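Undergrad: Predicted model follows, preceded by the sequence.
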Amino acid sequence: MDGRTDGRRAETGRFRRGDVLMVECPFVEAAVTGVRRDHVSLRWPWWEVDPEAEGVSWNGDVALPTPEDRDWERSFFRTEPPPGALEAGGTCLVGIPPTVVHVVAVHRFEPPLVTGWLPRPACYLDVLRQGETHDPEREYQAYELDPAGGEPIRLRLLFRPFAFLEPGDEVADRAGRAWRFDAAWDWHAFDGERSAVPAWPLALLTRGAGAPRVEEAAAVARATAVGGHAEEVERWSGLALAEPVALGP
């Protein structure tokens, strides 16, 4: 495995549900290959055709929605000048202006997906814009971003709720109740009660396959010595401008 593959794998492992990110992609020149009412087609400047993609072909173009398309608000890539000023055979700049998003799902693929282009996606982040609350009943609400794709997308972590915990951690709260932390907003009490949240401070009981290291337990105790669940929600909502939604059972 070469260093580039190792780097891409590390990049896809940096994110988790609940993360609030600043996303941007520097604007570069692209050829305009087609213009229609609901989309414009650009010769995508960052991907290469995958010669070993059996049964899948890609012509080198990517279609971006225009304001006339319902996916306009959901998408992130923009052109300069805007789509209404573009003509087939011309050029434009394409990129992502600085945008605050929050992650609602992380999908990892091993082996990477065969899409017809290179690099093959090893991870997609489902993200929503600042101000939009996740609706689990809407199948196509989120926008997919490849954090380690060919586009030079920059993702800066603004806030991670419960950053002192790892998915799967088991903790005891101030009242002695045991909980499992699966992701931001997804807490599962071992006594079956679902109407409450853990009361801080928290004591880390297990991490990974067994007992936590002394320093791990100390870090959780230190992080939860003051404040509480409500403060995490308030800080997250202040950045995401959305309501937290639990997805667990």
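TA: Great, that's in hand.
Undergrad: Parallel or antiparallel, list what pairs with the lengthiest strand in the chain.
TA: In the chain, assigned by DSSP state E, the strand with the most residues is strand 91-108. If you go by DSSP bridges, strand 91-108 pairs up with strand 20-35 (antiparallel), strand 78-80 (antiparallel), strand 123-129 (antiparallel).
Undergrad: Past the last one, which element shows up next along the chain?
TA: Right, strand 123-129. Remark: after strand 123-129, the chain's next helix or strand is strand 143-145, criterion DSSP states H and E.
Undergrad: Sheet-wise, list the partners of that following strand with their directions.
TA: Paired neighbours of strand 143-145 in the sheet (DSSP bridges): strand 123-129 (antiparallel).
Undergrad: thinking again about what came up before, deepest-packed of the strands paired with strand 91-108, please.
TA: For those, average neighbour numbers computed from mean count of other CB atoms under 10 Å are highest in strand 123-129, which has a mean of 22. All C-beta atoms are positioned from the backbone trio N, CA, C, and that covers glycine.
Undergrad: Just the CA trace of that strand, in PDB.
TA: Taking Å, rounded to 0.1, in the frame of the first residue of the first chain, the C-alpha atoms of strand 123-129 are listed here in PDB:
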ATOM      1  CA  CYS A 123     -15.800   7.600   2.000                       C
ATOM      2  CA  TYR A 124     -18.700  10.000   1.600                       C
ATOM      3  CA  LEU A 125     -19.900  12.500   4.200                       C
ATOM      4  CA  ASP A 126     -23.600  13.400   4.100                       C
ATOM      5  CA  VAL A 127     -23.700  17.000   5.100                       C
ATOM      6  CA  LEU A 128     -26.300  19.700   5.600                       C
ATOM      7  CA  ARG A 129     -25.900  23.500   5.300                       C
END
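Undergrad: relative to strand 123-129, how tilted is the longest helix belonging to the chain?
TA: Ranked by residue count and defined by DSSP state H, the top helix of the chain is helix 229-240. Per axes from the mean of the first three to the mean of the last three CA atoms, to 10 degrees, the angle that helix 229-240 makes with strand 123-129 is 80 degrees.
Undergrad: which helices and strands sit right next to helix 229-240?
TA: strand 20-35, strand 91-108, strand 154-159 (3 or more CB pairs under 8 Å, 6 or more residues apart in numbering; DSSP states H and E).
Undergrad: The shortest one - what's its average pLDDT?
TA: Yep, that's strand 154-159 we're talking about. For strand 154-159, mean pLDDT is 97.
Undergrad: likewise stretch 29-43?
TA: 98.
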